[in-house]
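>>> one predicted model, sequence on top.
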Amino acid sequence: MNSLIMTSTEQGLIFAVLAIGVTITYKILDFADLSVEGTFPMGAFIFARFITSGLSPVTSTLLAFVFGTFAGLLTYTLNIKLKIRALLSGILTMTILYSVNLRLNGKSNIGLFSYDSIFQGFSTIVVLVAIVAAIKILMDLFLKTEIGYLLIATGDNETLVKSLGENSNKYKLIGLMLSNGLVSLSGALMAQYQGFAEITMGTGIIVVAIASIIIGDTIINNNKKIKNTTRAVAGALIYKFIGNLAIDLGLTPTDLKAINAIIVICFLSYNTFGPELKKASIKKGAGVYADN
């Protein structure tokens, strides 16, 4: 059980970075960005490209974030400049990145066990906690700036932003680039954690991110003071624990995709029917009390 908790926590923290990134598009901008399924492995392949070229793990990880932002720029260009729908823009970006990722290293699987990582010489969980805490704090501070408020306003009421004389498209660009940068960073961390970069590691990753967000919102749904970043981190940790527990109880790793979908379905169903069942239960209890 201790091993399960430790592994779930480490993987959950890596996916917390992913969930924070997707929170920007999914919750703040209300933008259906499927490009993350290409950006996540892109981060892993960017890291692999630079670490095998002799750069340090820290520099390679930071470059994964920087290059990941260009995926957001591409999605923005397709959506805003070429007037392609948001969903299709993300899919097109994801498709392009598949070929880009293969071009980066010339093959679909890169072993990294013989290279240094940012976890070298340190406790993996301590490094991940520090990274996630730093990202969360910086994101919370950013969202309190003027640009951050206008980014939030763009998702809530784009017309209002335009009425203030601001270009809402600028904030969509910032949001998409920042989101994809964090997703790419998460991919780089995962590559170092598992010791390899693999072309299919992004398949279904959007479900993981949305599952984390939904779980966080469901578990922490009564306190509006708790920030979206906190919910994303909590949701990612809970999500990975549930998934790893299912594997530990006897399901095979090949069942993981189905487990991911079932987790999302369960929490979405709870959000839909839970409040109604709760009200019905309260009414029933009140009726019994009145009869007595």
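Received, thanks. It should be emphasised that the depicted structure is a prediction, and the values quoted were computed from it without experimental measurement.
>>> state whether T229 is indeed within a strand.
No - under DSSP: H, G, I helix; E, B strand; the rest coil, T229 sits outside any strand and is assigned helix.
>>> skipping adjacent residues, who's closest to it in space?
Counting by C-beta to C-beta, 6 or more residues apart in numbering, K136 is the residue found nearest to T229 once chain neighbours are left out, at 4.6 Å. C-betas here are computed from N, CA, C, even on glycine.
>>> so that neighbour, which of the three states?
Assigned with three-state DSSP, K136 falls in the helix class.
>>> hmm, it is touching A234, no?
No - between K136 and A234 there is no contact under C-beta atoms under 8 Å: 10.9 Å.
>>> state the distance from T23 to A16.
Here the distance between T23 and A16 works out to 10 Å (C-beta to C-beta, to the nearest Å).
>>> those two: who's more crowded?
Shown here are T23 and A16; by other C-beta atoms under 10 Å, A16 has more neighbours (31 against 26).
>>> hang on, isn't the more buried one packed against S212?
Yes - with contact defined as C-beta under 8 Å, A16 reaches S212; the gap is 7.3 Å.
>>> need the overlap of contacts for these two.
With contacts taken as C-beta atoms under 8 Å, 6 or more residues apart in numbering, the residues that reach both A16 and S212 are A232, A236.
>>> OK, contacts around L176?
Neighbour list for L176: T25, L29, F31, D33, G72, L73, T75, Y76 [criterion: C-beta under 8 Å, 6+ apart].
>>> may I ask which two of the residues you listed are separated the most?
In the contacts of L176, two members sit farther apart than any others by C-beta to C-beta. They are L29 and L73, at 14.7 Å.
>>> higher neighbour count, these two?
Higher neighbour count among L29 and L73: L29, with 23 against 14, using other C-beta under 10 Å.
>>> what's near enough to touch the more buried one?
For L29, the contacting residues are L151, T154, G155, K172, G175, L176, by C-beta under 8 Å, 6+ apart.
>>> 6 Å instead, please
Going by C-beta atoms under 6 Å, 6 or more residues apart in numbering, L29 touches G155, G175.
>>> for it, give its distance to K170.
When distance is defined by C-beta to C-beta, L29 is 12 Å away from K170.
>>> mind listing the strands for the stretch 1-150 of the chain?
Using DSSP state E, counting those that start in this stretch, the strands of the stretch 1-150 of the chain run over 109-111.
>>> actually the stretch 151-292 of the chain, not the one I typed
With strands called from DSSP E, counting those that start in this stretch, the stretch 151-292 of the chain shows them at 196-198.
>>> for it, which spans come out with low pLDDT?
222-223, 274-292 (pLDDT under 70).
>>> all helices of it, in order?
Secondary structure of the stretch 151-292 of the chain (DSSP state H, counting those that start in this stretch): helices located at 158-163, 168-194, 205-219, 228-248, 256-291.
>>> and the contacts of the shortest one?
Contact partners of helix 158-163, identified using C-beta under 6 Å, 6+ apart, comprise L150, A153, T154, S168.
>>> which positions in that helix come out as buried?
Residues of helix 158-163 classed as buried: E158, V161 (neighbour count, 16 or more other C-beta atoms under 10 Å).
>>> what about the residue nearest to Y149 when sequence neighbours are not counted, distance to N228?
Nearest non-adjacent residue to Y149, counting by C-beta to C-beta, 6+ apart: L143, 7.5 Å away. Distance check for L143 against N228: by C-beta to C-beta, it reads 8 Å.
>>> for K172, same thing?
K172 is 18 Å from N228, by C-beta to C-beta.
>>> quick revisit: narrow the contacts of L176 to those in helices?
If you go by DSSP state H, the contacts of L176 have G72, L73, T75, Y76 in helices.
>>> and those, which of them are buried?
G72, T75, Y76.
>>> list the contacts of the last one.
It refers to Y76. Contacts of Y76 (C-beta under 6 Å, 6+ apart): L173, L176.
>>> can you put the ones in helices among the contacts of L176 in CSV and add distance to I110 and pLDDT?
Shown next, in CSV, are the ones in helices among the contacts of L176 (distance: C-beta to C-beta, whole Å; pLDDT from 0 to 100):
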residue, distance to I110, pLDDT
G72, 24, 96
L73, 25, 97
T75, 25, 97
Y76, 29, 97
